[in-house]
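A.B. asks: Provide a 3D model corresponding to the input given below.
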Amino acid sequence: MKHLPLTPEDMELIRAAGEALGRAYLPDRHTVAAAVHAGSGRIYTGVNIEGIHGPCAEPVALGAAFSQGERDILAVVAVHRAGNGLSVLSPCGNCRQLILDYAPQAHVLLVEGGRVVKAPAYELLPGAYHYFDHNAAPGMNPWPNPERL
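C.D. replies: Numbering: from 1, shown residues only. Okay, here's the model as predicted:
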């Protein structure tokens, strides 16, 4: 998986997720927050909904963006409390598949080798199942052209 350099926009995305967690944090209820950077430039946030079937914070944030008409997702990050601060949290397998389904070219911030890195969503699940035909979905990020990889 190739790593891309973190940008000031990535740091703003992490801050936005942290602010959302600060507003909603409740032990055993809302312990993770996510933020997505949409093509419009807006940032949307969401928190996990603790229960038998979730959902995680990432689909809540994606749903917030989609409910406002966003279709182009540029980046996704999730955070959780760690000691007295915040820490980036790598997406679970279900969230990786969801991000891949809805935003295959989005950059995902995650932890690898103890540091925060950024990688394209389509690289997070080698041999992934492809639920949607992104090339046929108007306004959705298409799958990357294999010749460009």
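A.B. asks: The spatially most central residue of the chain: which element?
C.D. replies: With distances taken as CA atoms, centre = their mean, Val76 lies nearest the centre of the chain, 2.7 Å away. Assessed by DSSP states H and E, Val76 sits inside strand 73-82.
A.B. asks: now swap in Gly18 and tell me
C.D. replies: Residue-wise, Gly18 maps onto helix 8-24 under DSSP H and E.
A.B. asks: related to what we said a few turns ago, look up how far Leu110 lies from the residue nearest to the centre of the chain.
C.D. replies: Per CB to CB, to the nearest Å, Val76 is found 9 Å from Leu110. Heads up, the C-betas are built off the backbone N, CA and C, glycines and all.
A.B. asks: From Arg96, how far out is the closest residue to Glu50 other than its chain neighbours?
C.D. replies: The shortest distance from Glu50 to any non-neighbouring residue, by CB to CB, 6 or more residues apart in numbering, is to Arg29 (5.1 Å). Using CB to CB, we find Arg29 at a distance of 24 Å from Arg96.
A.B. asks: Roughly how far does Pro55 sit from Cys95?
C.D. replies: Pro55 is 9 Å from Cys95, by CB to CB.
A.B. asks: Show me which of the two is the more surrounded one.
C.D. replies: Cys95 (23 against 18; other CB atoms under 10 Å).
A.B. asks: Quick check: that one is in a strand.
C.D. replies: No. Going by DSSP: H, G, I helix; E, B strand; the rest coil, the assignment for Cys95 is helix, not a strand.
A.B. asks: Contacts only, for Gly18.
C.D. replies: Neighbouring residues of Gly18 by CB atoms under 8 Å, 6 or more residues apart in numbering: Ala33, Val79, Leu86.
A.B. asks: The second one: neighbour count?
C.D. replies: Applying other CB under 10 Å, we find 25 residues neighbouring Val79.
A.B. asks: and it, bridged to which residues?
C.D. replies: With DSSP bridges as the criterion, Val79 is bridged to Ala33, Val88.
A.B. asks: Dump the C-alpha coordinates for the strand holding Val76 into PDB.
C.D. replies: Extracted in PDB, the C-alpha atoms of strand 73-82 (Å, rounded to 0.1, in the frame of the first residue of the first chain):
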ATOM      1  CA  ILE A  73     -15.700  12.200  -1.000                       C
ATOM      2  CA  LEU A  74     -12.100  13.200  -0.900                       C
ATOM      3  CA  ALA A  75     -10.900  11.900   2.500                       C
ATOM      4  CA  VAL A  76     -12.100  10.000   5.600                       C
ATOM      5  CA  VAL A  77     -10.800   9.800   9.200                       C
ATOM      6  CA  ALA A  78     -12.000   8.300  12.500                       C
ATOM      7  CA  VAL A  79     -10.700   9.200  15.900                       C
ATOM      8  CA  HIS A  80     -11.100   8.000  19.500                       C
ATOM      9  CA  ARG A  81     -10.000   9.000  22.900                       C
ATOM     10  CA  ALA A  82      -6.500   7.900  23.900                       C
END
